[in-house]
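Q: any chance you could fold what I've pasted below:
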Amino acid sequence: MTFRPIRRSLAVLAALVLATTAQAGQMRINIANFSFSPRATNLNQGDHAVWIWTGGSHTCTSGDSLAPTPDGTFSAGSSTTPLSGATFSWKSDFSGTQKFFCFPHAPDMAGRLIIGSSGTPVSDFRLTKVQFGNTGGLDFVEIANIGLAAGDLGMYRLRVSGTATVTLKKAANTNLLVPSGGRVVVYINRAGTSTDTSVYVPSVAALPTTGSLALYVPNTVKTALTGADGVDNIIDYVAWGAGGQENEATAVTAGFWSSNAAIQNVAPGHTIAFCGAQGGQYGVNNWSEITVANFGTAAADCTTPTLRTSWGRIKTLYR
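A: Okay, here's the model as predicted:
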């Protein structure tokens, strides 16, 4: 989108939001017991299909199961090397029907994606609150399902800049069931028993005071966080303290962020919160600093946001 130079006040410009065509809805398909469940899945163009192996050795191969003939759209495993305990995601880039199958167990083990242009209710997992710099490094991250359908956050990946990539799950269980509007609180630098609403991450000592978080769909087949695979798999991003953070370029290419953008000068103990609406809103202008955070609830945190911005950043976003 191109913005022509126009005369506006700084206050009006600061109220504008970053508009993109990025989509990041998700639909999950379990692979076990010689079947794909659900066998037929509805989603929108731009959404992710997420396959989770919960039992057995299988492939996820695009194409007609009756032949069986791969069509080259996507592939996880092969006829000679089926996978077990794997995860795989594919971001749909067209409308229509996409068939897929398991090579060793075709034609009976098969499924299809029914991809519409828009309007199908899906889950939409987003980073919604971040609190860092707490005493003892006891920090918080909140991930919410702002989509119109229930979803499963199990096995999604959270990258903490300069630190670690965390796989979100409950012990050995791959499920994290989140209803539409539901929220999951990630407890940084703490041990505990994870549930559908609370995930404990003792492996990360603390969130950096200048850093970023990137959220990725599950994928043990194409694991890269950068490059083409990273762009296909990232679903949200936020940076604070300074621009140019880890994985910023991936988020920019995917349409979720702007170059050299970050939430600036956050006061100690305060929280940054996503203040956008459902679907289609991403970027630094949809985040605000708030004084009191209600982690794990849908409270109106952004009623009186205190977004810290600058004329230079506004010009960068809207030039």
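Q: can you map out the strands along the stretch 51-200 of the chain?
A: For the stretch 51-200 of the chain, the strands defined by DSSP state E, counting those that start in this stretch cover 60-64, 69-76, 87-91, 96-101, 110-116, 125-131, 140-145, 151-152, 157-160, 164-167, 177-178, 183-188, 198-201.
Q: residue 239 is nearest to which of these?
A: strand 125-131 (9.9 Å; CB to CB). No exception for glycine: its C-beta is placed from N, CA and C like everyone else's.
Q: if we can go back for a sec, between the strands of the stretch 51-200 of the chain, which one is closest to residue 298.
A: strand 183-188 (6.9 Å).
Q: average pLDDT for that closest one?
A: Taken as a whole, strand 183-188 has a mean pLDDT of 97.
Q: low-scoring stretches of this structure, by residue?
A: By pLDDT under 70, the low-scoring segments of the chain are 1-23, 278-279, 299-301, 303-319.
Q: can you list the domains in it?
A: Domain ranges of the chain: 11-21+123-318, 26-116, per automatic domain parsing.
Q: gap between the first one and the chain center?
A: Distance of domain 11-21+123-318 from its chain centroid, counting by CA atoms, centre = their mean, to the nearest Å, is 8 Å.
Q: for stretch 55-64, same thing?
A: 24 Å.
Q: indicate which one of the strands of the stretch 51-200 of the chain is closest to residue 50.
A: strand 87-91 (4.9 Å).
Q: next, the angle strand 110-116 makes with that closest one.
A: Using axes from the mean of the first three to the mean of the last three CA atoms, to 10 degrees, one finds that strand 87-91 and strand 110-116 are set 30 degrees apart in direction.
Q: quick check: residue 184 vs residue 296, distance?
A: Distance of residue 184 to residue 296, given as CB to CB, to the nearest Å: 8 Å.
Q: again, but for residue 101
A: Residue 101 is 40 Å from residue 296, by CB to CB.
Q: then residue 70?
A: 44 Å.
Q: do residue 71 as well
A: Going from residue 71 to residue 296 by CB to CB gives 43 Å.
Q: compare residue 101 and residue 296 (neighbour count), which wins?
A: For residue 101 versus residue 296, neighbours defined as other CB atoms under 10 Å are more numerous around residue 101 (27 against 16).
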